[in-house]
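[1] Quick one: sequence plus predicted model below, questions after.
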Amino acid sequence: MAGDVVLKRFPAGGPRGSWPAEEFAAAQRVAGVPAEVVMELETDAFLVVVRQRSASED
């Protein structure tokens, strides 16, 4: 995740049937931000991130 931008963190123990990280990421994508959800095992949290592309990926 080096260089990625974390937009928001959500605890993994959210209410049953609720996916706040996925909902937030979907709203960001509607707004044109290429957000995705990843799991950070060290903190037991879902992160909504925007991947930063390196110059070699262009």
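    Received, thanks.
[2] For this protein, just list every one of the helices.
    With DSSP state H as the criterion, the chain has helices at 20-30.
[3] Need the per-residue pLDDT for the residue minimising distance to the centre of the chain.
    By C-alpha atoms, centre = their mean, the chain has its centre lying nearest to Val48, at 1.5 Å. Val48 is assigned 97 on the pLDDT scale.
[4] Just the buried positions in stretch 27-34, please.
    Gln28 (16 or more other C-beta atoms under 10 Å). Where C-beta positions appear, they are placed from N, C-alpha and C, glycine not excepted.
[5] picking that back up, which residues touch the residue nearest to the centre of the chain?
    Val6, Leu7, Lys8, Arg9, Phe10, Ala21, Phe24, Ala25, Gln28, Ala35, Glu36, Val37 (C-beta atoms under 8 Å, 6 or more residues apart in numbering).
[6] repeat for Pro20
    Per C-beta under 8 Å, 6+ apart, neighbours of Pro20: Phe10, Gly14.
[7] Next: the one 10 residues further on.
    Val30 sits next to no residue when contact means C-beta under 8 Å, 6+ apart.
[8] what separates it from Phe24, distance-wise?
    11 Å (C-beta to C-beta, to the nearest Å).
[9] tally of neighbours for Arg9?
    13 (other C-beta atoms under 10 Å).
[10] I'd say Ala21 and Met39 touch.
    No. Applying C-beta atoms under 8 Å, one finds Ala21 not in contact with Met39, separated by 9.2 Å.
[11] what about these two, which has more around it?
    Higher neighbour count among Ala21 and Met39: Ala21, with 24 against 12, using other C-beta under 10 Å.
[12] Relative to Arg29, how far out is that one?
    13 Å.
[13] in the protein, which spans are strands?
    With DSSP state E as the criterion, the chain has strands at 5-11, 35-40, 45-50.
[14] which of the ones you listed sits most buried?
    The highest mean neighbour count among these, using mean count of other C-beta atoms under 10 Å, belongs to strand 45-50: a mean of 20.
[15] Give the partner strands of it in its sheet and their orientations.
    With DSSP bridges as the test, strand 45-50 is paired with strand 5-11 (antiparallel), strand 35-40 (antiparallel).
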